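**Q** A predicted structure for the sequence below; I have some questions about it.
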Amino acid sequence: MYSALPPMTRPLERRPGFYPQPNNWTCGPFALKHALVALGHGVDAKDIQLTAKSTWGAGTDEIQLARAARSFDCDLMLERRRDPDEARKLLVKYLREQTPVLLCVDQWSHWITVVRHADRRFVVIDSELDPVLNILTWPQLRNRWRYHDKAYDATNPPVLYDLMAVQPRSRTTVKADFSVDRVKFLRRPENHALALHWDEYLEDLLEVCTPQSTRITEALSMGEFLRRHQELLVSRVVYWHGEIEREAILRILRNLRFVSETYDLVIPASATRRAVADLAILLTLWVVASRGVDEMYGDGPSVSVPTKPARGTRKPTRARTSRRAVVRRAAARASKVTRRRAR
């Protein structure tokens, strides 16, 4: 919302996932970004900031956020209550419909996103904290939410509870189920990378999977799909690369399964072969990006004809032999030994 402090020198980073805001005045774009992620839309906070025209002196108000939401095919439904019980019932009503809600808290100075209510607790995404995913009880949320309108009456200010529900304009079947257990899982230190790259996982899965629907007669959950094809994917990627651990690939597959189950994404039986190919390519790209790979089949489309070295010169050798070549040679030697013994 508003900050009297000058902007920080660190710019607003362009990256996906759940991470704290880099300064003290972009809470509005981050809150809307988190709401859109809950609706299955990976949007960069920088794009929301530019659309809303947020500034370090004034932050982002509800009018600016509504304009930004419309550019991403959503509407902000503004609701106001004076009674805390009525405000809580209205908030729970939207959350039961899996509609994320923006709340302006801390005396109208900070925006947060509420995405789930379960077991008398609320799942809140607060970009000022690290980790940003948090679980609050109703008294904790109520104390931050209520606003004393001293501009209306300085001696006896009325208490207001304002919320803005992020309502998609078109019917969407991709909505996140950020349960309390899932949030606790994401808050673990070992799952920091998953939370940080959440949007990337979601965007890739939306190309591989489809939302659960009654029109799909035969569908496989990601858990069932991996039960059938995980060993094939892992073993082949490990074999062809040669220097990647199985556990590293299994961790990526577990992350994909966790995100797909959060959004209830499935794989139609008719698209199983394509899904195997897509996941194999994704895993290979990740392995190459994180572990690297030796040069293969030359370094470009044009291939020069090798010339015969002059007499007396040594033939140049490669700096190192790839793991893949070592595996092939070892397999060939083992095959020769087996044939000799058979004779």
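**A** That came through fine.
**Q** what's the residue nearest the centre of the chain sitting at in phi/psi?
**A** Note on the chain: the residue nearest the mean C-alpha position is residue 198, at 1.3 Å, using CA atoms, centre = their mean. Per-residue torsions, residue 198: phi -60, psi -50 (degrees, to the nearest 10).
**Q** Name the SS class of the residue nearest to it when sequence neighbours are not counted, please.
**A** Residue nearest to residue 198 in three dimensions, not counting chain neighbours: residue 17, with 4.4 Å by CB to CB, 6 or more residues apart in numbering. The C-beta positions use only the backbone N, C-alpha and C, and glycine is treated the same way. The three-state label given to residue 17 by DSSP: H, G, I helix; E, B strand; the rest coil is coil.
**Q** Verify the stated contact: residue 17 with residue 196.
**A** Yes - Residue 17 is within contact range of residue 196, at 4.2 Å (criterion: CB atoms under 8 Å).
**Q** the more surrounded of the two?
**A** More crowded of residue 17 and residue 196, by other CB atoms under 10 Å: residue 17, with 18 against 15.
**Q** give the contact list for that one.
**A** Counting by CB atoms under 8 Å, 6 or more residues apart in numbering, residue 17 touches 195-200.
**Q** let's see it at 6 Å
**A** Shown in contact with residue 17 (CB atoms under 6 Å, 6 or more residues apart in numbering): 195-199.
**Q** Which of the residues you listed fall within strands?
**A** With DSSP state E as the criterion, strands contain none of the contacts of residue 17.
**Q** Kindly present those residues as TSV, with separate columns for pLDDT and distance to residue 110.
**A** Formatted as TSV, the contacts of residue 17 follow (pLDDT from 0 to 100; distance: CB to CB, whole Å):
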residue	pLDDT	distance to residue 110
195	94	21
196	92	22
197	93	25
198	94	22
199	92	23
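**Q** Mind putting these into a markdown table with distance to residue 142?
**A** What follows is the contacts of residue 17, written out as a markdown table (distance: CB to CB, whole Å):
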| residue | distance to residue 142 |
| --- | --- |
| 195 | 27 |
| 196 | 31 |
| 197 | 33 |
| 198 | 28 |
| 199 | 31 |
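**Q** Closest to residue 260 out of these?
**A** Compare each of the contacts of residue 17 with residue 260 using CB to CB and the shortest gap goes to residue 198, at 12.2 Å.
**Q** domains of the chain?
**A** 27-172, 197-291 (automatic domain parsing).
**Q** what about the nearest residue to residue 106 once chain neighbours are set aside, distance to residue 112?
**A** Excluding its sequence neighbours, the residue lying closest to residue 106 (CB to CB, 6+ apart) is residue 144, at 6.0 Å. Remark: distance between residue 144 and residue 112 (CB to CB, to the nearest Å) = 8 Å.
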